[in-house]
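Engineer: here is the input, now give the coordinates:
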Amino acid sequence: MTAASFTTSFETGDPTPISEPLDSEGVELALRVGGGPAHAPAAKTGVGFTGLRALNYTGTHRADGRGFVRHKLFAVDIPVTADTELSYVIFPELGGDLGYPATFVALDLALDDGTLLSDLGALDHLGFELSPAGQGAAKSLYPDQWNRRACRLGEIAAGRTVTAVLLGYDNPDGPAGFSGWIDDIAIRSVPARAATRPSEHVITTRGTHSSGGFSRGNTFPATAVPHGFNFWTPLTAAGELNWLYSWHQRNSERNLPALQAFSVSHQPSPWMGDRQTFHVMPSAAPGRPPAGLEERALEFSHDDEIARPHYYGVTFTGGVRAEIAPTDHAAMFRFTFPGPDASLVFDNRDCRGRLFLDTSRGVVTGYSDVRSGLSNGATRMFTHAEFDRPVIGGGRLWRWFGPRTTGHLRFAPAEHGETVVTMRIATSLISAEQARRNLELELPADTAFDDVVERAAGVWDDVLGTIEVDGATDDQLATLYGNLYRLFLYPNSIFENTGTAEAPVHRYASPVLRRRKPNTRARTGASIVDGRAYVNNGFWDTYRTVWPAYALLAPARCGELVNGFLRLAADGGWVPRWSSPGYANLMTGTSSDVAFADAYLKGVPGIDPHEAYRAALRNATVTPPHDAVGRKGIDRSIFIGYTPTSVHEGLSWALEGCVNDFGIANLAREIGAHEEAEYFLERARHYVHMFDERIGFFQGRNDDGTWRWSPDRYDPTMWGFDYTETNGWNTAFSVPHDGAGLATLHGGREALAAKLDEFFGTPETGTNPGSYNGIIHEMTEARDVRMGQYGHSNQPSHHIIHTYLHAGRPAAAQCKIREIMARGYSGSEIGQGYCGDEDNGEMSAWWLFNALGLYPLTVGSPYYVIGSPLFTKATVRLENGRTIVVEAPNNSAENVYVQALTVNSRPYTKTYLPHAMIAEGATLTFDMGPEPSDWGTDPAAAPPSVSPPGVRPSPLADVTLGATATGPDDVEIDFLFDDTTRSEVRFADGRVTIDIALTEPAAARFYTLTSGIAPNEDPRSWVLSGSTNGTQWTTVDRRNDENFLWRRQVRPFKVDSPVPCTHYRLELTGGQPPVTLAQIELLA
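Structural biologist: Next up is the predicted model:
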């Protein structure tokens, strides 16, 4: 009998598979219905995808080479219409076999004309061949994870009838054993989705099908406005501060997701943890509602959940519905109860806070001191909530930590039908009164819920509408607009309007200044500062793509954000390396240096370049007072040219320092600080000191200059030690600012290309943890990217593909870019969407740039390199009213190689573009083809570099090593040459002469002086002289009225006309005695 549809989840009452063998060669296959996978790092184990059971496939591929098998699962009779779709989920088990044999499996359909779906060239919704061999070859199925596959049957089989559902395995590489699970098979009509605005394409649960063991984004569904003060989110784990919402892993015993609360959140990353939280949960229980997390949890289906940036709504299985609409400092909740019992439970993660219930006025207030261990600088948060329905009861509720933060209100029921309760809630980091004012400013009492939704949607549409594309699939649109959402979600404002709507006065509770007063129940003890500051950013991640994306797509917004972080530098003296919200001692590099330089060099308005430079200069020249700010190891690295292994991950600190010094050099030049620009450009070449030519890799050096590993012990696949969250392979190309110099170190362009080919051809096994002493999630994620050592799952790899441009092989970059975009961002509809941590927009911004055919390879300079655009047409609407149009009319999944490019109708042969060429609007027209071309292969087409092609980088070095120095008889001056700021020499007299006899002649181009620890003891004026015999002296540099801004600051000074000398004399001629110096360098 003909049926319109077919579905099975292998549950009781569902159709039972018949498992009829059809054909096979060298493969044995067994099928059974069971309880689901036993190992799933990001999903619930022992269950199916949506139910308690799934179909297990287990097989043995005995043949050498190819083996195949096909079984009939179900006999059906389903006509194919224009909207008919096949869908299913599959969980291939890895089983330790890095040939991934379990991924060479797919469903197939038999049709009434004798053909198979796979005979018709069917493609899945990602564009990969929907056949067993095609799915395996695509490498798009993740092992040990649920993967959804769908195919629009109407496009290739309309008018035919499906007669059977088949399961096949077809692998060219045996022998092998394989196993996995199939669930939720459906053949049914699915009308094409009709989203009318960008915000409707966004799925905020994208990235939540994750855990600490395997990340597909490690996000949470934040309902918010762009860069908002608050996030509002559902919680599947209200007792935790890290993984707030889990798509699948925390499902209930019935394998349904369950919410334990809704919360205000300020979480920048699960690894950093949440802070300043406040929970609310609806309850339709009669009488006193339960307070325990498990007892009050409500189950739901993801089919009954809508998760958009501007709106979150869910209907629970019991009929209760909860909805959220955000503003900047506030939100409106709408709770719909199916009957007369309507309560709200208020709570927090723990007892760090207080809750106050005013049942007579229907007002809830309180404060929260909840914070994770890495929430450095987090201050007290105040809440104020009001309701539109009369309160008829309420009181304290007990949890394990007592009643301080837990209580409930009970609301009057509606006379008929459903009871609807609307809650308006606002927060403040200043005071309880300011929380009330924020509510009044943003959500006055007469505000309609739907109006809040529409306003927030309009704000997001303005941001998301920056990019429009032609020729995109639904999945690509979800990726495009989901990535833009993530990009503009962070960083976050912490300022509040303490004035009026008409005359705003912005102030904020500083997370980097010391608390001056105790907190009270009414007001924070934090220092309150005038201005607009921003927090929540890990610059080690975001400098690579996020900040360049702001500079291109939203320059005015970018300027506001830069200034917001410079406000923190004005408060606490330093820009945070990892703002959560204050100074967190995490990651390597002071990467705001290069990020802010990049923004200014690209014309971002509103930035004070001198303030940006001052912040960067402090990072780059001053020994910090503690490890949470500045550069680790700079007390020595600035003199010896590398950060030694005595500093944790010293090599990574050194290489990031080179990137940041490159940006500082360019910013210095732009503001006219030419002397320092030249000095920092020399320092940007210091990466050469960490390149071990014996092994062809960067590796750590000990304090005495020796290498950490001898060549026979070095293993580039080993993680940790010198390498932050990666290994030697992924650090081998960490010189994005000097690709020509890198090529020279490797032996030239061809040798660099060969090194890159070896990199992409050497599998990551995820089994060499090195100093991590165990497998971390980044290792298995990089393994499952399946592009050799390239781990797109983490930031250190993100620039490497584009390094091919410096090797004369742009086609190699083009195909790999398209491969990552095709399969590295899949699964948005089931909470995936990424192949690793999304990280404050960085993983998203990588995709956005490359979808446009561009990439900011040399951050800190006004250039983009050219890749392979994804769409037939993309239009970027710039703030200045102009547009960037990227056209590729013959673009396709096969045509990934650039054959030619025109910019504004003129042929363009370089592999990079100046920012100025597109910032005022431009049309880039790509001619794409299925085979590599010679476009961009000429050496002159390569992107700009610090070093000339073919010239080995040779930065200036200190020539005082081994020299003899003399000074006043009563002073031991050797400390001035011991390569550390931690020692210093104090001269009682303000006029001092120091003579330096070198071991061989040297023409010092620069010299540096380092201030001591005591204020007001710096030299102010001096003369540097040179001599060839130690008796006849010539002045080579003279300085007057100089000023050291900070303690232990290294200042460079250029010698305008350097000549070779064997002796140098430094005469301190001005300065209030005593005078202190920590170091002297002569750089030649």
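
Engineer: domains of the protein?
Structural biologist: Using automatic domain parsing, the domain ranges for the chain come out as 6-189, 223-464, 964-1083.

Engineer: closest to residue 709 out of those?
Structural biologist: Distance to residue 709, taken as Cβ to Cβ, is lowest for domain 964-1083 among these, at 23.2 Å. Every residue, glycine included, has its C-beta placed from N, CA and C.

Engineer: closest to residue 639 out of the domains of the chain?
Structural biologist: Across those, closest to residue 639 is domain 964-1083 (Cβ to Cβ), at 4.1 Å.

Engineer: quick one: that closest one to chain centroid distance?
Structural biologist: Distance of domain 964-1083 from the chain centroid (Cα atoms, centre = their mean, to the nearest Å) equals 44 Å.

Engineer: first to last residue in it, what's the distance?
Structural biologist: Start-to-end span of domain 964-1083 (Cα to Cα, to the nearest Å) is 16 Å.

Engineer: quick check: mean pLDDT of that domain?
Structural biologist: Domain 964-1083 shows an average pLDDT of 95 in the prediction.

Engineer: next one: stretch 202-212
Structural biologist: 98.

Engineer: name the residues of that stretch that come out as buried.
Structural biologist: 202, 203, 204, 205, 206, 207, 208, 209, 210, 211 (16 or more other Cβ atoms under 10 Å).

Engineer: which helix or which strand is home to the fifth one?
Structural biologist: Same thing as residue 206. Using DSSP states H and E, residue 206 is not contained in any helix or strand.

Engineer: list the contacts of it.
Structural biologist: By Cβ atoms under 8 Å, 6 or more residues apart in numbering, residue 206 lies in contact with 217, 219, 478, 482, 828, 831, 832, 833, 834.

Engineer: could you rerun that using 6 Å?
Structural biologist: Counting by Cβ atoms under 6 Å, 6 or more residues apart in numbering, residue 206 touches 482, 828, 833.

Engineer: most neighbours among those residues, which one is it?
Structural biologist: Among the contacts of residue 206, the one with the most neighbours (other Cβ atoms under 10 Å) is residue 833, at 31 neighbours.

Engineer: so that residue belongs to a strand, correct?
Structural biologist: No. Residue 833 is assigned coil when assessed by DSSP: H, G, I helix; E, B strand; the rest coil, not a strand.

Engineer: measure it to residue 526 for me?
Structural biologist: 37 Å (Cβ to Cβ, to the nearest Å).

Engineer: one more: residue 257?
Structural biologist: 37 Å.

Engineer: which one's more surrounded, those two?
Structural biologist: residue 257 (26 against 23).

Engineer: give me phi/psi at the spatially closest residue to the more buried one that is not a sequence neighbour?
Structural biologist: In this structure, residue 257 finds its nearest non-sequential neighbour in residue 251, 5.5 Å apart by Cβ to Cβ, 6 or more residues apart in numbering. Per-residue torsions, residue 251: phi -60, psi 160 (degrees, to the nearest 10).

Engineer: any stretches of the stretch 551-700 of the chain with poor pLDDT?
Structural biologist: Residue ranges of the stretch 551-700 of the chain with pLDDT under 70: none are present.

Engineer: ranges for the helices of it?
Structural biologist: Ranges of helices in the stretch 551-700 of the chain, per DSSP state H, counting those that start in this stretch, are 555-572, 592-601, 609-621, 634-640, 650-670, 674-683.

Engineer: just the residues contacting the host helix or strand of residue 885, thanks.
Structural biologist: Per DSSP H and E, residue 885 falls inside strand 883-887. Here strand 883-887 makes contact (Cβ under 6 Å, 6+ apart) with 852-853, 869, 873-877, 918, 921-925.

Engineer: the same query, at a cut-off of 10 Å, please.
Structural biologist: Residues from elsewhere that reach strand 883-887 (Cβ atoms under 10 Å, 6 or more residues apart in numbering): 467-470, 552-553, 851-854, 869-878, 902, 904, 917-927.

Engineer: mind checking the SS state of residue 300?
Structural biologist: Judged by three-state DSSP, the three-state class of residue 300 is strand.

Engineer: now do residue 927
Structural biologist: Of the three states, residue 927 takes strand according to three-state DSSP.

Engineer: mind listing what it touches?
Structural biologist: Residue 927 is in contact with 887-891, 895, 897-902, 933, 935, counting by Cβ under 10 Å, 6+ apart.

Engineer: if we go to 6 Å?
Structural biologist: 899, 900.

Engineer: what residues sit buried inside the biggest strand by length in the chain?
Structural biologist: Longest strand in the chain, counting residues (DSSP state E): strand 161-189. By 16+ other Cβ under 10 Å, the buried positions in strand 161-189 come out as 162-171, 174-187.

Engineer: what of stretch 643-652?
Structural biologist: Buried-residue list, stretch 643-652, by 16+ other Cβ under 10 Å: 643, 644, 645, 647, 648, 649, 650, 651, 652.

Engineer: hmm, the second one is touching residue 653, no?
Structural biologist: To tie it back to what came earlier, the one meant is residue 644. No. The pair residue 644 / residue 653 is not scored as a contact, 9.7 Å apart, by Cβ atoms under 6 Å.

Engineer: for the residue nearest in space to the middle of the chain, which non-adjacent residue is closest in space?
Structural biologist: Closest residue to the average C-alpha location of the chain: residue 839 at 2.3 Å, with Cα atoms, centre = their mean. Spatially, and ignoring its direct neighbours in sequence, residue 839 is nearest to residue 541 (4.0 Å; Cβ to Cβ, 6+ apart).

Engineer: I figured the one you found hits residue 844, correct?
Structural biologist: No. Residue 541 lies out of contact with residue 844 (Cβ under 6 Å); the separation is 11.1 Å.

Engineer: more neighbours: those two, which one.
Structural biologist: Neighbour comparison, residue 541 and residue 844: the larger count goes to residue 844, with 31 against 24 (by other Cβ under 10 Å).

Engineer: ok so that one is a helix residue?
Structural biologist: Yes. Read with three-state DSSP, residue 844 is one of the residues of a helix.

Engineer: so what's it up against?
Structural biologist: With contact taken as Cβ under 6 Å, 6+ apart, residue 844 is in contact with 483, 486, 487.

Engineer: out of everything not next to it in sequence, what's closest to it?
Structural biologist: Distances taken as Cβ to Cβ, 6+ apart place residue 483 nearest to residue 844, at 3.5 Å, with adjacent residues excluded.

Engineer: ranges for the helices of the stretch 351-500 of the chain?
Structural biologist: So, for the stretch 351-500 of the chain - with DSSP H, counting those that start in this stretch - the helices run 432-442, 449-464, 474-487.

Engineer: residues in contact with stretch 902-920?
Structural biologist: By Cβ under 6 Å, 6+ apart, stretch 902-920 touches 602, 805, 810, 862-866, 882, 884, 901, 922-925, 936, 941, 943.

Engineer: gap between that stretch and the chain center?
Structural biologist: Stretch 902-920 has its C-alpha centroid displaced from the chain centroid by 28 Å (Cα atoms, centre = their mean).

Engineer: buried sites along that stretch?
Structural biologist: Residues of stretch 902-920 classed as buried: 903, 908, 910, 911, 912, 913, 915, 917, 918, 919 (neighbour count, 16+ other Cβ under 10 Å).
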